[in-house]
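Q: sequence below, structure please.
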Amino acid sequence: MKLRSKRYKESEKGLDKKKVYQLKDAITALKKMAAPKFDSSVDLHFHLNVDTKKSDQMVRGTVILPHGTGKKVRVAVFCKGEHEKIAHGANADYVGGLELIDKVAAGFMDFDCAIATPEMMKDLSKLGKVLGPRGLMPSPKTGTVTNDILKAIEDVKKGKVEFRVDKQGGIHLSVGKVSFSEDKLYDNASRVIEALHEAKPGSIKGKFVRNLSIAASMSPGLRLAE
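A: Here you go, the predicted structure:
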């Protein structure tokens, strides 16, 4: 049996676990819960009606949160020549070609997002087993393999995040911090929900989202109306 903290139990008091909330009401209730000593993340949790064994039912995409994620995103850019100057000018945290690839191969992972120019992908492929499991491998589908390095970096710094269904049919995505205003959390969460529905595969018939909830870190989740 999982032990719950005193603060968690306090947050559960008065909650109707069977209640289905409208998004705005859920955010209001969430903001009133007893908060931990740190600025916790607010996350949306989706359970989708998909068969992840079928390639045409894999749900993946990106979305730019209107008010960002609330955390500094460290960006590594794999590129050469003039692209390196552009990346440095756009305030990328780490920039380089083969030397940066070797550094990551040796264990360096102090970044949250990886961007690469198409010419680097052949060399970068050797990091597939390192970056892939962490969701960091650049991909044309998410706009992280591109010659437009400037736009890619700016989008990530603004709050662009990637979502991808897991093997259990779930997607879990942060929409900000508890310290955000209710309006900012609502804007971010609404945009994520819209983006997910826009990414619905054509092969999915009937109900797409089986369950949807919102929760702050280490706090009870609230079920949302779809």
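
Q: in contact with Thr28, which residues?
A: By C-beta atoms under 8 Å, 6 or more residues apart in numbering, the contact set of Thr28 is Glu182. Where C-beta positions appear, they are placed from N, C-alpha and C, glycine not excepted.

Q: do you know how far it is from Leu185?
A: Using C-beta to C-beta, to the nearest Å, we find Thr28 at a distance of 10 Å from Leu185.

Q: does anything pack onto the helix or strand containing Asp187? Which helices or strands?
A: Element membership of Asp187 [criterion: DSSP states H and E] is helix 182-198. Under the contact definition 3 or more C-beta pairs under 8 Å, 6 or more residues apart in numbering; DSSP states H and E, helix 182-198 sits against helix 23-32, strand 41-48, strand 60-64, strand 160-164, strand 170-177, strand 209-216.

Q: can you list the ones you listed in CSV and add mean pLDDT?
A: Formatted as CSV, the helices and strands packed on helix 182-198 follow (pLDDT from 0 to 100):
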stretch, mean pLDDT
helix 23-32, 93
strand 41-48, 95
strand 60-64, 91
strand 160-164, 90
strand 170-177, 94
strand 209-216, 94
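
Q: what's the closest of these to Cys79?
A: Evaluated over those, closeness to Cys79 peaks at strand 160-164, with 18.2 Å, by C-beta to C-beta.

Q: neighbouring strands of the closest one in the sheet, and parallel or not?
A: Take DSSP bridges as the rule and strand 160-164 pairs in its sheet with strand 60-64 (antiparallel).

Q: not counting the partner strand itself, show me its contacts.
A: Contacts of strand 60-64 (C-beta under 8 Å, 6+ apart): 141-143, 155, 158-165, 191-192, 195-196, 198-199.

Q: give me the residues contacting the very next helix or strand once past it.
A: Using DSSP H and E, the helix or strand that directly follows strand 60-64 along the chain is strand 75-78. Strand 75-78 is contacted by residues 83-84, 87, 92-97, 100-101, 104, 111-117, 120, 124, 138, 149, 153, 156-157 when judged by C-beta under 8 Å, 6+ apart.
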